[in-house]
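Asks: Quick check, what structure comes out for this input:
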Amino acid sequence: MRRTGFQWVALALLMLTLQACQRPGPGPGPDSDTAAASAPAGAADDSPGALMAQVFAGWKADAPHAVDMPAEPGSPEKTSRVLVSPMQVIALDADHRALVVAGPLDGGRGEPVDGHATGASVSVYGFERRDGRWFATFARPALTWTGFFGTPGELKQQALAPGRVALSIENGSCWQGFCGSWVEVFGVTAAGVQPLFNERIATSAAGAVEGCSEWLEGKKADAAEASLTADNCFDIQGTWRFEAATGTGWPDAVLTFTGTEAAQEPPGAPLTRRTIDEQRVLRHDGTTYRPLHGRNPTHDI
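Replies: Numbering: from 1, shown residues only. Got it, this is the predicted structure:
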């Protein structure tokens, strides 16, 4: 298409205007350079808020703060927006800390996604003290996704050896009378974080099927007994602890289970009550914890 003289003039004026708009403005003055150079690096102390501000630029304790995290395994997305909050600071030794951060999915405008089946992201960030200030050393964002109702559950720390701490995360919930609890444990050092073990520690169907609770207690449940099976009538509770082991440098993990379950042996035989009183021992092999002896008698839900 041929342009008219008027069109060429208009186009030239437009190009001049665009060039003027794209010219850089005056740069920062000497005062700005001095302020940037004098701003101290690293956190002044090892409080949760101070360490959070080092990891997440712009974080404030009194306002929601959403960041991109690796998405939960199985999600069609690569990243998810998470509302992050400090959970605890692990003192590894005099000069090393680990900041534990957790949070639910961001539903928008700082509102959490906190439905029953929605857990939380748990992350760990390392810090080292140099010249009196704390500097970030490693990051494990979205180390795990776990929990319910937008929370990860109960987080605890236990010393395993000098400079080595176990971070455990315990949680549980119920669905239509079926209940379960889990524990996931990580080893934290100045060098980073490694998974140690993940075990189910309790399951119960006592409230799921009519008559199950009474039958497990040895009471008569004739009307409901026909509907009870080894798969839908059980109540098993567990605890776990670390116990010193000789020569490995790592303590054994001991899981203790007690309870009662319905048993049918062979399948189709009349139901019998079986008492559960068992231990499962996990031992570290230099890389991770593996079963040494015993079974986990809890049931799938």
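Asks: quick one: the helices in the chain?
Replies: Secondary structure of the chain (DSSP state H): helices at 5-22, 30-38, 48-55, 212-216, 222-225.
Asks: Contacts made by the third one with the rest, please.
Replies: This means helix 48-55. 42-44, 59, 61, 84, 86, 88-89, 97, 99, 101, 125, 127, 134-136, 139 (Cβ atoms under 8 Å, 6 or more residues apart in numbering). C-betas here are computed from N, CA, C, even on glycine.
Asks: Quick check: buried residues in that helix?
Replies: 48, 50-55 (16 or more other Cβ atoms under 10 Å).
Asks: what is the rounded mean pLDDT of it?
Replies: Mean per-residue pLDDT for helix 48-55: 97.
Asks: Could you verify my assumption that residue 264 touches residue 271?
Replies: Yes - at 6.0 Å, residue 264 counts as touching residue 271 under the criterion of Cβ atoms under 8 Å.
Asks: one step back: what's the closest of the buried residues of helix 48-55 to residue 219?
Replies: Minimum distance to residue 219 across the buried residues of helix 48-55 is 50.4 Å, recorded for residue 48 (Cβ to Cβ).
Asks: burial measure for residue 133, as a count.
Replies: Residue 133: 17 surrounding residues under other Cβ atoms under 10 Å.
Asks: I'd say it and residue 41 touch.
Replies: Yes - Residue 133 is within contact range of residue 41, at 7.0 Å (criterion: Cβ under 8 Å).
Asks: Check the contact lists of these two and give me the overlap.
Replies: Residues touching both residue 133 and residue 41 (Cβ under 8 Å, 6+ apart): none.
Asks: In strands, which of the contacts of helix 48-55 appear?
Replies: 86, 88-89, 97, 99, 101, 125, 127, 134-136, 139 (DSSP state E).
Asks: out of those, which is most surrounded?
Replies: Busiest of the ones in strands among the contacts of helix 48-55 [other Cβ under 10 Å] is residue 101, holding 28 neighbours.
Asks: Let me know the pLDDT of it.
Replies: For residue 101, the model assigns a pLDDT of 98.
Asks: In contact with it, which residues are there?
Replies: Residue 101 neighbours (Cβ under 8 Å, 6+ apart): 52, 55, 84-87, 122-125.
Asks: cool, residue 299 as well?
Replies: 203, 205, 231, 234, 236, 261.
Asks: what separates it from residue 242, distance-wise?
Replies: Going from residue 299 to residue 242 by Cβ to Cβ, to the nearest Å gives 25 Å.
Asks: Then residue 132?
Replies: The gap separating residue 132 from residue 242 is 34 Å, by Cβ to Cβ.
Asks: higher neighbour count, those two?
Replies: Counting neighbours by other Cβ under 10 Å for residue 132 and for residue 242 shows that residue 242 has the greater number, 17 against 9.
Asks: Now stretch 233-252: buried residues?
Replies: So, applying 16+ other Cβ under 10 Å, buried residues of stretch 233-252: 233-238, 240, 242, 245, 250-252.
Asks: Looking at the residues you listed, which are in strands?
Replies: Per DSSP E, the buried residues of stretch 233-252 map to strands at 234-238, 240, 242, 252.
Asks: okay if I get those as a markdown table plus distance to residue 144?
Replies: Formatted as a markdown table, these follow (distance: Cβ to Cβ, whole Å):
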| residue | distance to residue 144 |
| --- | --- |
| 234 | 27 |
| 235 | 28 |
| 236 | 24 |
| 237 | 24 |
| 238 | 20 |
| 240 | 17 |
| 242 | 20 |
| 252 | 23 |
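Asks: just curious, which of those is nearest to residue 276?
Replies: When those are ranked by distance to residue 276 (Cβ to Cβ), residue 236 comes first, at 5.3 Å.
Asks: Nearest residue to the closest one in space, please, no chain neighbours.
Replies: Once flanking residues are discounted, residue 236 sits nearest to residue 259: 3.7 Å by Cβ to Cβ, 6 or more residues apart in numbering.
Asks: Let me see the contact set for the one you found.
Replies: 204, 234-237, 275-276.
Asks: try it again with 10 Å
Replies: Contacts for residue 259 were tallied using Cβ atoms under 10 Å, 6 or more residues apart in numbering; they are 202-204, 206, 216, 234-238, 274-278, 297-298.
Asks: again with residue 100
Replies: Shown in contact with residue 100 (Cβ under 10 Å, 6+ apart): 48, 86-90, 122-125, 143, 152, 155, 157, 167, 169, 186, 188, 193.
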